[in-house]
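Asker: Below are the sequence and a predicted model; questions follow.
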Amino acid sequence: MARLTHILRHAPMMLAIIAVLTMIGATLIDVVGRNAFGYSLKGCYEIVQISLCVAIFAALGLVSRDGTHIVVDLIDQVIGDRLTHWLIALASLAVAALCCVLVYAGWQQAQTVVRYGETTSDLGLSKLVFWVPIMLGLVGGMSGALREAVARLSRPRCAKDEHP
């Protein structure tokens with residue numbers, strides 16, 4: 001069970017790494033092939049687009065889970081630790097709500113893709129290859145944000161740099 005938990009915990013990061021390496025490889029093959037051999041990699045643009053969706057949205061859940069969002073501490077010094085604690089909880093709830101709205105909107109778009117059979121222009125792939133990683137990443141982001149909010153709200157106060 002511990003091994004499965006470990007694999008599931010690190011799977012999104014591995015997926016993001018594979019996606020970034022795919023982008024690098026496809027771009028390298030396309031540029032070198034075009035300039036050295038007059039050969040262009042068919043669908044390179046689409047491969048990079050899909051890989052970018054996977055990389056960004058696979059990492060979104062990790063960022064929320066680990067509390068590693070980019071933070072600009074403009075008011076933390078002014079309002080103090082106690083209010084900062086509650087502000088982070090409120091922000092986490094707002095992120096979770098926004099992710100929920102975006103999942104709903106993405107679901108509507110995915111249904112349109114299925115209904116009309118939309119495909120990419122070069123490779124002919126269903127455009128669901130974009131929406132599936134986006135929606136899974138948003139669900140991961142939502143769950144990470146909810147976890148953060150519950151952890152903050154269930155404790156009276158955290159030290160300033162402490163992450164639940």
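Answerer: In hand now; what should we look at?
Asker: helix/strand/coil for the most centrally placed residue in the chain?
Answerer: By C-alpha atoms, centre = their mean, the chain has its centre lying nearest to Phe57, at 2.2 Å. Secondary structure state of Phe57, per DSSP: H, G, I helix; E, B strand; the rest coil, is helix.
Asker: thought it was touching Ile134?
Answerer: Yes. The pair Phe57 and Ile134 passes the contact test of C-beta atoms under 8 Å, sitting 5.1 Å apart. Glycine gets a C-beta too; all of them are placed from N, C-alpha and C.
Asker: Model confidence score at the residue of the chain most remote from its centre, please.
Answerer: Relative to the centre of the chain, the most outlying C-alpha is that of Phe37, 36.3 Å out, by C-alpha atoms, centre = their mean. According to the prediction, Phe37 has pLDDT 94.
Asker: Leu52: neighbour count?
Answerer: Neighbours of Leu52 under the rule other C-beta atoms under 10 Å: 16.
Asker: looking at this, it is in a helix?
Answerer: Yes. Judged by three-state DSSP, Leu52 forms part of a helix.
Asker: excluding its backbone neighbours, what's nearest it?
Answerer: In space, and not counting its chain neighbours, Leu52 is closest to Met23: 6.5 Å by C-beta to C-beta, 6 or more residues apart in numbering.
Asker: mind listing what's buried in the host helix or strand of that neighbour?
Answerer: Under the criterion of DSSP states H and E, Met23 resides in helix 2-32. The neighbour-count criterion (16 or more other C-beta atoms under 10 Å) identifies 12, 15-16, 19-20, 22-23, 26-27, 30 as the buried residues of helix 2-32.
Asker: Can you add distance to Ser51 and pLDDT and give the residues you listed back as a markdown table?
Answerer: Output for the buried residues of helix 2-32, formatted as a markdown table (distance: C-beta to C-beta, whole Å; pLDDT from 0 to 100):
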| residue | distance to Ser51 | pLDDT |
| --- | --- | --- |
| Pro12 | 14 | 89 |
| Leu15 | 10 | 93 |
| Ala16 | 10 | 93 |
| Ala19 | 4 | 97 |
| Val20 | 7 | 97 |
| Thr22 | 5 | 97 |
| Met23 | 4 | 97 |
| Ala26 | 7 | 97 |
| Thr27 | 10 | 97 |
| Asp30 | 13 | 96 |
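Asker: Provide a list of residues in contact with Ile79.
Answerer: By C-beta atoms under 8 Å, 6 or more residues apart in numbering, the contact set of Ile79 is Leu87.
Asker: where's it relative to Leu87, distance?
Answerer: Counting by C-beta to C-beta, to the nearest Å, the separation of Ile79 from Leu87 is 7 Å.
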